[in-house]
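K.L.:
Requesting a structural model of the entry that follows:
(2 chains)
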Amino acid sequence: MIEMHDVWKTYPDGTEAIRGMNLKVDANEFVYVVGPSGAGKSTFMKMIYREEKPTKGTIFVNGFNLGKLKARKIPFVRRNIGVIFQDFRLLPKLTVAENVAFALEVIEAPKRLIKRRTSEVLELVKLRDKADSFPNQLSGGEQQRVAIARAIVNNPAVIIADEPTGNLDPDTSWEIMKLLDEINYRGSTIIMATHNKEIVNTRRRRVIAIEKGQIARDQQRGEYGYED
Amino acid sequence: MKISTLRRHLREGSRSLYRNGWMTFASISSISISLFILGLFLILGINVNHMSKQIEDQVTIQAFLQLETPQDVRQEIQKKIEAMPEVRKVVFISKEEALEEMRETMGDPLEGLDGENNPLPDGFDIEVKDPRNVQSVTDQILSLNEGREPKPLEQVKYGKDTIDALFKVTSIVRTIGLAFVIALVFTSMFLISNTIKLTILARNREIKIMKLVGATNGFIRWPFFIEGALIGFQGALIPAALLTYGYHLMLEFLQPGLVTVMLKMAPFESTVYPVAGVLMLIGLAIGIWGSTLSVRKFLKV
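P.N.:
Okay, here's the model as predicted:
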């Protein structure tokens, strides 16, 4: 599903964020990405959804070679990748249902499909009764569930979650994890960057530790392994 | 593009007009003001042109013959003037006709000057094709005197001062107007591109999300073009309407005064429609161009 071969990323200011990375993630895996701040986690995640382009090396996602991808084609790769952030990134002036439908509208999906898919995923994240609320009327956990609903609404093969529980209290974090498990169970590959030791150590999955731009550890059913 | 997509772009474009309320208001008013001044200059220009044509048409050269000029010399001179390429028309005015004309304007005091007592000379009224050639034609007519004794032409004249002043005024109005208009058009474009820039910055979040979920660049750009075009269109609509009504009023109040000096303002329809059309086109162009500038610069899609 995701393959990296000798990937390097140097920013224009000279920062070497990723220094020679090799990696293979199979379809339907659930991967934690851990490591100290500034070690290259964010760059790693951004390269998967082609927000950043590798300076050297090849990245394959869903069969697309992201290093050689023409800018014009980027949108079509993104349609197969759902992205979730720590700060939710919802549109404040749209309702919950509109926020979710937005992801389908902008890719010009047919109206009937938009309606059906929106209510399906709202059902999945258990927010059907809040469909007409605005984001500022929701709790943090609910907002993150809206963001997840938006990320999965067009059935992406890969979900990129960048610290999805970073802003949430422990109970709510567990709710979100359950939801991500459910999505994983339904067939999406999930790459999740996190600083949440408890979650990583309790729900054991594959752990990739990134340090100084390189993969320091890659373990099945691994531990968090840091003290913070 | 699908119809439903087009409808969405239109909705989004017009929605951000409301969302950016004050900014939209500011840029629409700035375009309105610019285009209003532009329109005013256009109407003024059309009228100056229209009236200077009328004045130019009234410009004729008058050539007067010596009192005792024989008829064959007179006819020869007339033929020579008619042969000049710049001349449109030559009319012979006999001394009797000249007296008659004078009587019409001055009346009684001229009584008893008929026949032998008529002090007026025979003459020609000469119309030229292009009023700018009046001076050179006058010189050419005067040169017909050369090599003849006695000189048959006594006096050749035209309304020199009127024409020179008129030309000066029209060329000044044209130059100033053009410079003014170019400056204003650029100011308006700058203002619109600034407004769209603010829209883009205000909708930065939305644009980022659109990119994340896989919207194409074209899809992201469209609402901004539409917003720009709508701003330009509305900015043009206001001055177009004001100037149309205003010109209607001007015709009503100024025309009667101008008739007394033998001038007519440019007719309503052939003035107002082209001006309104030009304003609309320029408004749309400024709007679309302004948004293109911003989109290219700030929307690194």
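K.L.:
could you give the mean pLDDT of stretch A:131-148?
P.N.:
Across stretch A:131-148, the average pLDDT comes to 95.
K.L.:
Can you point out the buried residues in it?
P.N.:
Buried residues in stretch A:131-148, counted by 16 or more other C-beta atoms under 10 Å in any protein chain shown: A:131, A:134-135, A:138, A:140-148. Bear in mind the C-beta positions are built from the backbone N, C-alpha and C, glycine included.
K.L.:
One more: stretch A:108-120?
P.N.:
By neighbour count on 16+ other C-beta under 10 Å, the buried set for stretch A:108-120 is A:109, A:114, A:117, A:118.
K.L.:
likewise stretch B:14-33?
P.N.:
For stretch B:14-33, by 16+ other C-beta under 10 Å, it's B:16, B:17, B:20, B:23, B:24, B:27, B:28, B:30, B:31, B:32, B:33.
K.L.:
Of the buried residues of stretch A:108-120, which belong to helices?
P.N.:
A:114, A:117, A:118 (DSSP state H).
K.L.:
any idea which helix or strand carries residue A:6?
P.N.:
Here residue A:6 is covered by strand A:2-10, with elements defined by DSSP states H and E.
K.L.:
As a check, name the ranges of all helices in chain A.
P.N.:
Using DSSP H, helices in chain A cover A:41-48, A:74-78, A:96-105, A:111-124, A:140-152, A:170-185, A:197-202.
K.L.:
Same list, these, but as CSV with distance to chain B please.
P.N.:
Listed next are the helices of chain A as CSV, based on distance: least, C-beta to the nearest C-beta, whole Å:
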stretch, distance to chain B
helix A:41-48, 11
helix A:74-78, 4
helix A:96-105, 4
helix A:111-124, 7
helix A:140-152, 7
helix A:170-185, 16
helix A:197-202, 24
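K.L.:
how about those in JSON lines, adding distance to residue B:219?
P.N.:
Formatted as JSON lines, the helices of chain A follow (distance: least, C-beta to C-beta, whole Å):
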{"stretch": "helix A:41-48", "distance to residue B:219": "22"}
{"stretch": "helix A:74-78", "distance to residue B:219": "8"}
{"stretch": "helix A:96-105", "distance to residue B:219": "10"}
{"stretch": "helix A:111-124", "distance to residue B:219": "15"}
{"stretch": "helix A:140-152", "distance to residue B:219": "17"}
{"stretch": "helix A:170-185", "distance to residue B:219": "26"}
{"stretch": "helix A:197-202", "distance to residue B:219": "37"}
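K.L.:
and of the ones you listed, who's closest to residue B:8?
P.N.:
helix A:96-105 (6.6 Å; C-beta to C-beta).
K.L.:
Just send the ones in helices among the buried residues of stretch A:108-120 back as a markdown table, with pLDDT too.
P.N.:
Converted to a markdown table, these look like this (pLDDT from 0 to 100):
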| residue | pLDDT |
| --- | --- |
| A:114 | 94 |
| A:117 | 95 |
| A:118 | 96 |
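K.L.:
Secondary structure class of residue B:146, three-state.
P.N.:
Using DSSP: H, G, I helix; E, B strand; the rest coil, the structure places residue B:146 in coil.
K.L.:
tally of neighbours for it?
P.N.:
Per other C-beta atoms under 10 Å in any protein chain shown, the neighbour tally for residue B:146 reads 7.
K.L.:
Spell out the residue ranges of the strands in the stretch 151-300 of chain B.
P.N.:
Assigned by DSSP state E, counting those that start in this stretch, the stretch 151-300 of chain B shows strands spanning B:153-157.
K.L.:
got a list of what the residue in the stretch 51-200 of chain B that chain A sits nearest to touches?
P.N.:
Minimum separation of the stretch 51-200 of chain B from chain A (C-beta to the nearest C-beta) falls at residue B:199, amounting to 13.7 Å. Shown in contact with residue B:199 (C-beta atoms under 8 Å, 6 or more residues apart in numbering or on different chains): B:16, B:20, B:23, B:224, B:227, B:294.
K.L.:
So which other helices or strands are in contact with the host helix or strand of the third one?
P.N.:
Under the criterion of DSSP H and E, residue B:23 resides in helix B:21-58. Using 3 or more C-beta pairs under 8 Å, 6 or more residues apart in numbering or on different chains; DSSP states H and E, the elements in contact with helix B:21-58 are helix B:3-19, helix B:160-202, helix B:217-259, helix B:268-298.
K.L.:
got the buried residues for stretch A:169-182?
P.N.:
Residues A:172, A:173, A:174, A:175, A:176, A:177, A:179, A:180 are the ones in stretch A:169-182 that count as buried (16+ other C-beta under 10 Å).
K.L.:
now stretch B:165-185
P.N.:
Using 16+ other C-beta under 10 Å as the test for burial, stretch B:165-185 gives B:166, B:170, B:173, B:177, B:181, B:184, B:185.
K.L.:
And for stretch B:59-75?
P.N.:
Buried, per 16+ other C-beta under 10 Å, within stretch B:59-75: B:59, B:60, B:61, B:62, B:63, B:64, B:65, B:66, B:69, B:73, B:74.
K.L.:
Can I get that stretch in PDB, CA atoms only?
P.N.:
Coordinates of each C-alpha in stretch B:59-75 appear next as PDB, following Å, rounded to 0.1, in the frame of the first residue of the first chain:
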ATOM      1  CA  VAL B  59     -16.200  76.800 -40.500                       C
ATOM      2  CA  THR B  60     -16.000  78.300 -43.900                       C
ATOM      3  CA  ILE B  61     -13.400  80.500 -45.600                       C
ATOM      4  CA  GLN B  62     -14.700  83.800 -47.100                       C
ATOM      5  CA  ALA B  63     -12.900  85.200 -50.000                       C
ATOM      6  CA  PHE B  64     -13.900  88.700 -51.300                       C
ATOM      7  CA  LEU B  65     -13.200  90.000 -54.700                       C
ATOM      8  CA  GLN B  66     -12.200  93.500 -55.700                       C
ATOM      9  CA  LEU B  67     -15.200  95.600 -56.700                       C
ATOM     10  CA  GLU B  68     -14.500  95.900 -60.400                       C
ATOM     11  CA  THR B  69     -13.300  92.300 -61.100                       C
ATOM     12  CA  PRO B  70     -14.300  91.100 -64.600                       C
ATOM     13  CA  GLN B  71     -16.500  88.100 -64.900                       C
ATOM     14  CA  ASP B  72     -14.000  85.900 -66.700                       C
ATOM     15  CA  VAL B  73     -11.400  86.400 -63.900                       C
ATOM     16  CA  ARG B  74     -14.000  85.600 -61.300                       C
ATOM     17  CA  GLN B  75     -14.900  82.400 -63.000                       C
END
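K.L.:
Need the residue closest to the centroid of chain A.
P.N.:
Nearest to the centroid of the C-alpha atoms of chain A, with distances taken as C-alpha atoms, centre = their mean, sits residue A:160, at 1.6 Å.
K.L.:
Show me the beta-bridge partners of it.
P.N.:
Taking DSSP bridges as the rule, residue A:160 bridges to residue A:83, residue A:191.
K.L.:
Any chance of the backbone angles for residue 132?
P.N.:
Because you didn't say which chain, this covers chain A. phi -100, psi 10 (degrees, to the nearest 10).
K.L.:
What is the burial count for residue 151?
P.N.:
Picking chain A for this. For residue A:151, the neighbour count with other C-beta under 10 Å is 25.
K.L.:
try again with chain B
P.N.:
Neighbour tally, residue B:151, other C-beta under 10 Å: 14.
K.L.:
Who are the contact partners of the nearest residue to it once chain neighbours are set aside?
P.N.:
Nearest residue to residue B:151 in three dimensions, chain neighbours excluded: residue B:145, at 4.2 Å (C-beta to C-beta, 6 or more residues apart in numbering or on different chains). By C-beta under 8 Å, 6+ apart, the contact list for residue B:145 reads B:151, B:152, B:153.
K.L.:
isn't the first one right next to residue B:65, touching?
P.N.:
The one in question is residue B:151. No. Residue B:151 is not in contact with residue B:65 according to C-beta atoms under 8 Å; the separation is 9.9 Å.
K.L.:
No more questions from me, cheers.
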